[in-house]
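> Here you go, sequence then predicted model.
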2 protein chains.
Amino acid sequence: MQRYFLDDPHQTGDHLVLPETIARHWIRVMRAQIGDQAEFVDSTAHLFVGSLTVMEPEATVTLTAVPTPEVELPVAVTIACGLPKQEKSEWITQKATELGVTNIVFYAADWSVAKWQGNKAGKKVARLNKIAAAAAEQSHRLHRPEVSYAASLADVLKQPVDVRLMAYEESAKQGEQSALNQQLTALRPGQTLLTIFGPEGGISPAEVEQATAAQTTLVGLGPRILRTETAPLYLLAATSMVLELQTPR
Amino acid sequence: MQRYFLDDPHQTGDHLVLPETIARHWIRVMRAQIGDQAEFVDSTAHLFVGSLTVMEPEATVTLTAVPTPEVELPVAVTIACGLPKQEKSEWITQKATELGVTNIVFYAADWSVAKWQGNKAGKKVARLNKIAAAAAEQSHRLHRPEVSYAASLADVLKQPVDVRLMAYEESAKQGEQSALNQQLTALRPGQTLLTIFGPEGGISPAEVEQATAAQTTLVGLGPRILRTETAPLYLLAATSMVLELQTPR
């Protein structure tokens, strides 16, 4: 069933005039008819089935609350990615959303070749938030990840979180294999995890120093060298494996 | 250091005339000079450092054996992917190679919209093998994954393997959470694992039946719905987590 996000809280019996973007997609693109149903997630992450009761002049649904399945990771994971080249930010956003990320920050890393200056950052971020919302609908999430831009790693490190990790290629090369598992298995439901990834050129020594000064643990992601856009997906899948498939709720 | 694969076995002291494709990349693209070094993996997966000793008329390196690090997954993982749309096969190949896959089979699934008929399959497979080899060099693998085409799931199931899994969305929806972990933790080094993924449209009931008749275990990949190109990456990262980061060698 098609799924859409709503910006307000709702309850059973609500007659909701659909926001224009949802009405356009569901009725014009998906050709919904009177009586058709879709899933709606309200602003408090509760799930409803909505039946299309009125098409004109304004598309309107009647909402019925249904049991909300547990589909979110038990911890809130933020990935901070050094600005990557080309369209990689788009597919990191799409794939990380499918894999359960809560927040994505693209930061201007010391060794980022790409630059998002002035206007560009705002436009990029707006576009990436749309991609995240669409991917969240497709993967039947209850949460739309928020995508943002940071001018430096220092800004990223200012955010308060429970645990900070940095994916560090040198850890992988040196055969470090247990830090990630130790960190993930120690997490408790509801905690917040920030994981930092470098851009194509890697993480600068100054950035490693800043991060470790801010209680960040360096972790390897296995013995192979992963590209900048692949490493966050490894982290998210590993988090799901440890906290969802190995830890019964 | 740049890494290249060789098609024969070698030993320290070998003077090797570089194959044309390597010479072209290393000397013309990467601008290597006399005395420069690159890593070479021979056909028996042993690692060498090669120094460029002659440029003309034929680029020649002198090889020295170096310790070969363990960078391959302890089990040989084959992923069988229902033919996906557009260029998704290319990026599944690139990303799965980074994540340690041994073999990739694209099979014409009952519900595949894409078709690789006649000539197209051969051309696609040749191109995908080049992508796999390049990604294996970049991620510093010792093994170039082999990409092939199968006309049906039945052909995929004929391959002898130790363990067969099928990623099944319905398992995820029903909250099945432990089968993948049970299967992965039971694997022993050197075993072979086949995991089957459907195309965008999913796996047909007939295919589920064929697979289960061939001792295939249905597994969920966490509670979120993953796209056809994302599911194999989850499986490979989870395999690495369990067999590399949670199981010291």
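Nice, I can see it.
> contacting residues for the residue in chain A positioned nearest to chain B?
Nearest residue of chain A to chain B: residue A:237, at 3.6 Å (CB to the nearest CB). C-betas here are computed from N, CA, C, even on glycine. Residues near residue A:237 by CB atoms under 8 Å, 6 or more residues apart in numbering or on different chains: A:99, B:233-234, B:237-238, B:241.
> Apply 10 Å and report the result again.
Residues in contact with residue A:237 (CB atoms under 10 Å, 6 or more residues apart in numbering or on different chains) are A:95, A:99-100, B:99, B:221-222, B:226, B:230-231, B:233-241.
> Now do the buried residues in the strand or helix carrying it.
Using DSSP states H and E, the element containing residue A:237 is helix A:231-240. Buried residues in helix A:231-240, counted by 16 or more other CB atoms under 10 Å in any protein chain shown: A:231-240.
> Look at stretch A:147-166 and report the distance between its end residues.
Start-to-end span of stretch A:147-166 (CA to CA, to the nearest Å) is 19 Å.
> close to chain B, is that stretch?
No - with CB under 10 Å from any CB of the partner chain as the criterion, chain B is not reached by stretch A:147-166; the gap is at least 12.9 Å.
> sorry, back to before: quick one: distance of the helix holding residue A:237 to the chain centre.
Centre-to-centre, helix A:231-240 and its host chain are 12 Å apart (CA atoms, centre = their mean, to the nearest Å).
> Restricting to C-alpha, output it in PDB.
Coordinates of each C-alpha in helix A:231-240 appear next as PDB, following Å, rounded to 0.1, in the frame of the first residue of the first chain:
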ATOM      1  CA  ALA A 231      30.900   2.900   4.200                       C
ATOM      2  CA  PRO A 232      27.700   4.500   5.800                       C
ATOM      3  CA  LEU A 233      25.600   1.700   4.300                       C
ATOM      4  CA  TYR A 234      27.900  -0.900   5.900                       C
ATOM      5  CA  LEU A 235      27.600   0.900   9.300                       C
ATOM      6  CA  LEU A 236      23.800   1.000   9.100                       C
ATOM      7  CA  ALA A 237      23.400  -2.600   8.000                       C
ATOM      8  CA  ALA A 238      25.800  -3.700  10.800                       C
ATOM      9  CA  THR A 239      23.800  -1.700  13.300                       C
ATOM     10  CA  SER A 240      20.600  -3.400  12.200                       C
END
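> Select the longest helix from chain A.
Ranked by residue count, the top helix of chain A under DSSP state H comes out as helix A:119-138.
> Which residue comes closest to residue A:99 once chain neighbours are left out?
residue A:236 (3.8 Å; CB to CB, 6 or more residues apart in numbering or on different chains).
> TSV for the buried residues of helix A:231-240, including pLDDT and distance to residue B:205?
Below are the buried residues of helix A:231-240 laid out as TSV (pLDDT from 0 to 100; distance: CB to CB, whole Å):
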residue	pLDDT	distance to residue B:205
A:231	97	37
A:232	98	35
A:233	98	30
A:234	98	33
A:235	98	35
A:236	98	31
A:237	98	28
A:238	97	32
A:239	98	32
A:240	97	27
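> which of those residues sit farthest apart?
A:231 and A:240 (15.3 Å; CB to CB).
> Go ahead and report the secondary structure state at residue A:16.
Of the three states, residue A:16 takes strand under DSSP: H, G, I helix; E, B strand; the rest coil.
> Look up how far residue A:53 lies from it.
According to CB to CB, to the nearest Å, residue A:16 and residue A:53 sit 10 Å apart.
> so how many other residues sit close to the nearest residue to residue A:168 once chain neighbours are set aside?
Excluding its sequence neighbours, the residue lying closest to residue A:168 (CB to CB, 6+ apart) is residue A:218, at 4.2 Å. Residue A:218 has 19 neighbours, counted by other CB atoms under 10 Å in any protein chain shown.
> Can you pull the phi/psi pair for residue A:178?
phi -120, psi -10 (degrees, to the nearest 10).
> for the one 10 residues further on, same thing?
Per-residue torsions, residue A:188: phi -110, psi 150 (degrees, to the nearest 10).
> Excluding covalently adjacent residues, which one is nearest to it?
That would be residue A:75: by CB to CB, 6+ apart, it lies 7.8 Å from residue A:188.
> isn't the one you found right up against residue A:195?
No - counting by CB atoms under 10 Å, residue A:75 does not reach residue A:195; the two are 11.0 Å apart.
> Overlap in contacts, those two.
Shared contacts of residue A:75 and residue A:195, defined by CB under 10 Å, 6+ apart, are found at A:163, A:239.
> what residue ranges in chain A score low on pLDDT?
By pLDDT under 70, the weakly predicted segments of chain A are A:172-176, A:249.
> Distance-wise, check the most centrally placed residue in it relative to residue B:18.
Compute the mean C-alpha point of chain A, and by CA atoms, centre = their mean the closest residue is residue A:101, 3.2 Å away. From residue A:101 across to residue B:18, the span is 43 Å (CB to CB).
> For the helix or strand hosting residue A:207, C-alpha coordinates in CSV please.
In this assignment (DSSP H and E), residue A:207 forms part of helix A:205-213. The C-alpha coordinates for helix A:205-213 follow below in CSV (Å, rounded to 0.1, in the frame of the first residue of the first chain):
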residue,chain,number,x,y,z
PRO,A,205,45.0,14.2,10.6
ALA,A,206,43.5,17.4,12.1
GLU,A,207,40.0,16.0,11.8
VAL,A,208,41.1,12.8,13.4
GLU,A,209,42.5,14.8,16.3
GLN,A,210,39.4,17.0,16.6
ALA,A,211,37.2,13.9,16.7
THR,A,212,39.3,12.0,19.2
ALA,A,213,39.4,15.1,21.4
